[in-house]
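Colleague: Below are the sequence and a predicted model for it; my questions follow.
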Amino acid sequence: MSALPKFFITHSHSDNAFARQLCDDLRAHGLDGFFDVYSLRAGDDIAARIARGLDECDVYIPVLSPAALASPWCELEINAAINLSMERGRNGRPRIIPVLAEKCSVPVLLRHRLYVNFAGRYAEALDELLHKGLGLPAHSAFDPAPESPPAYAAKFPTLIPGLPLWVLVLSGLGITLACVLMSFAVEALFNGTTPTPAAIAQTTRTATGAPPITPTSIVPTITSTPTPTSTATRTATSTPLPTNTATRTATATPTSTITPTPPPDMVFVPAGDFTMGSNEGETDEKPAHTVYLDAFWIDKFEVTNKQYATCLNAGKCSRPSETKSFTRDAYFSNAQYNNYPVVYVNWEQAKTYCEWASKRLPTEAEWEKAARGTDSRTYPWGNTFDKNLLNSSEGGKGDTMAIGSYPGGASPYGAMDMAGNVWEWVADGYGSYSSGTQRNPTGPSSWQNRVFRGGAWNNIRDGVRTVVRVNLIQTYSFRDVGFRCAQ
């Protein structure tokens, strides 16, 4: 029998109970895989563990619901799985089977895939997922039930084809009892005594009082008796992913002197208050709070391949971890894409480049103010999504675009591509927001997890909002992550 496929389940924390039940039922059928509640342990490098789980899985199961569609984490994992399945040499692995836990719209990049609808039909949908989706042999509650063996027979596996172990056990007990009776008969013949019924009963209880046979090391097979669907009630115990929860500190922002003459290709953001965060959306976007920032400059565009190559050729920057993009084998070193954002750079590489250019990475607060202004915009251009104003999943470009390709999507201060194209590293370590007013916050500096903002070409509208935060280990690099600098 071929090895059973390994699964990976993506879900919102709001769907913990459903995802846990689904994982338990898949495991009850002999399957194994990644489910964060069971697979993550204290001290794990969360990003690396998730990446390994995605890389090792044969089947990727995104649990879809309104909460999942609003989660940037779910979106990030879905996009990563799609990207993996399209890589050369993987032969479409992992196979992606969307699961609807609740009625909701299916993300654009998943709409061409057949999904399994669990809403209001869990048992039937589980049967479809197991047998039509995962290819397990069709023995289920919806198949004709096989002839049932005696109730006690279920406790004993079959060791000899066609001869269940319970038959052997009963036969052995019969032989044992016969031997006991024969011994009494022989004793009576030679000693002239006749065993009493009480003596026979006592001896029989002793002879048959051995511990029951307990089968061990039995490997379950799909083609034996059907595995019953679990009907136990599961408690919806929400176990969120471990996150760094350090409170952001209000330390002074490292600032450079603002000169009267604008630096080349930078835009000016004046000093003052703005509203950071939101009272809606993901937990780490909350609460909305007032932040004061000194004036600063920020790059009008994302750092390009050509700009980064200049630093590389000067011996100050290291090469990106890959020189390709999602659809282009030659990207970083191809002059055709000089004016496209550099990707596959980690946080340290981004920081090094900015320092080489006599700049720095923007703080998370600076990035958000430059993107949304002082009127709390959902997107850099306003509160209504428009796929024609950015490079996101809805536009269907499927890879990076040249910087400044969407001038209509500029932020209030004139910064381009603050939504979509590539995610952008910021200086801050990841931490929870404070509810009080802050002045030039920089976030915790001791965490290895760093924040990137803005969404990318493969994200849907919820993932490119100005308040969305994603954090990963600072050594992370990928095809949709770049940066810009500040001063």
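Modeller: Happy to help now that I have it.

Colleague: With just CA atoms, put stretch 443-461 into PDB.
Modeller: Provided in PDB are the C-alpha atoms of stretch 443-461 (Å, rounded to 0.1, in the frame of the first residue of the first chain):
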ATOM      1  CA  GLY A 443       8.800  48.900  19.100                       C
ATOM      2  CA  PRO A 444      10.900  46.300  21.000                       C
ATOM      3  CA  SER A 445      14.400  45.900  19.700                       C
ATOM      4  CA  SER A 446      15.300  42.600  21.200                       C
ATOM      5  CA  TRP A 447      13.000  40.300  19.200                       C
ATOM      6  CA  GLN A 448      14.300  38.400  16.200                       C
ATOM      7  CA  ASN A 449      10.900  38.700  14.600                       C
ATOM      8  CA  ARG A 450      10.700  41.800  12.500                       C
ATOM      9  CA  VAL A 451       7.700  43.400  10.800                       C
ATOM     10  CA  PHE A 452       7.000  44.000   7.100                       C
ATOM     11  CA  ARG A 453       4.100  46.000   5.800                       C
ATOM     12  CA  GLY A 454       2.000  46.900   2.700                       C
ATOM     13  CA  GLY A 455       1.100  43.500   1.100                       C
ATOM     14  CA  ALA A 456       2.300  42.300  -2.300                       C
ATOM     15  CA  TRP A 457       1.400  41.300  -5.800                       C
ATOM     16  CA  ASN A 458      -0.100  38.000  -4.600                       C
ATOM     17  CA  ASN A 459      -2.200  39.400  -1.800                       C
ATOM     18  CA  ILE A 460      -6.000  40.200  -1.900                       C
ATOM     19  CA  ARG A 461      -7.500  43.400  -0.800                       C
END
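
Colleague: which parts of it are buried?
Modeller: Within stretch 443-461, the residues scored as buried using 16 or more other C-beta atoms under 10 Å are 443-444, 447, 449-461. No exception for glycine: its C-beta is placed from N, CA and C like everyone else's.

Colleague: quick one: residue 275 is in a strand?
Modeller: Yes - when classified by DSSP: H, G, I helix; E, B strand; the rest coil, residue 275 is found to be part of a strand.

Colleague: ok, back up a step: so for the buried residues of stretch 443-461, which is the shakiest by pLDDT?
Modeller: In terms of pLDDT, the lowest of these is residue 447, showing 66.

Colleague: Now do the strands in the stretch 51-200 of the chain.
Modeller: With DSSP state E, counting those that start in this stretch as the criterion, the stretch 51-200 of the chain has strands at 59-64, 95-96, 99-100, 116-117, 158-160, 163-164.

Colleague: Out of the buried residues of stretch 443-461, which comes closest to residue 129?
Modeller: residue 460 (24.3 Å; C-beta to C-beta).

Colleague: Now do the contacts for the nearest residue to residue 397 once chain neighbours are set aside.
Modeller: Once flanking residues are discounted, residue 397 sits nearest to residue 391: 5.4 Å by C-beta to C-beta, 6 or more residues apart in numbering. Counting by C-beta atoms under 8 Å, 6 or more residues apart in numbering, residue 391 touches 397, 400, 401, 405, 406, 417, 420, 421, 457.

Colleague: Is the closest residue in space to the fourth one that isn't next to it in sequence bridged to anything, and to what?
Modeller: Leaving aside its sequence neighbours, residue 405 sits nearest to residue 391 (C-beta to C-beta, 6+ apart; 6.7 Å). According to DSSP bridges, residue 420 are recorded as the beta-bridge partners of residue 391.

Colleague: Distance check, residue 391 against residue 464.
Modeller: Per C-beta to C-beta, to the nearest Å, residue 391 is found 9 Å from residue 464.

Colleague: Number of residues surrounding residue 85?
Modeller: Counted by other C-beta atoms under 10 Å, the residues lying close to residue 85 total 16.

Colleague: my read: it touches residue 97, true?
Modeller: No - with contact defined as C-beta atoms under 8 Å, residue 85 does not count as touching residue 97 (11.4 Å).

Colleague: Who are the contact partners of residue 289?
Modeller: Residues counted as contacts of residue 289 (C-beta under 8 Å, 6+ apart) are 275, 276, 277, 433, 434, 435, 436, 437, 438.

Colleague: Tally up the residues packed near the fourth one, please.
Modeller: Other residues within reach of residue 433 by the criterion other C-beta under 10 Å amount to 23.

Colleague: Next up, the contacts around it.
Modeller: Going by C-beta under 8 Å, 6+ apart, residue 433 touches 248, 276, 277, 284, 285, 286, 287, 289.

Colleague: Can you list phi and psi of it for me?
Modeller: phi -80, psi 150 (degrees, to the nearest 10).
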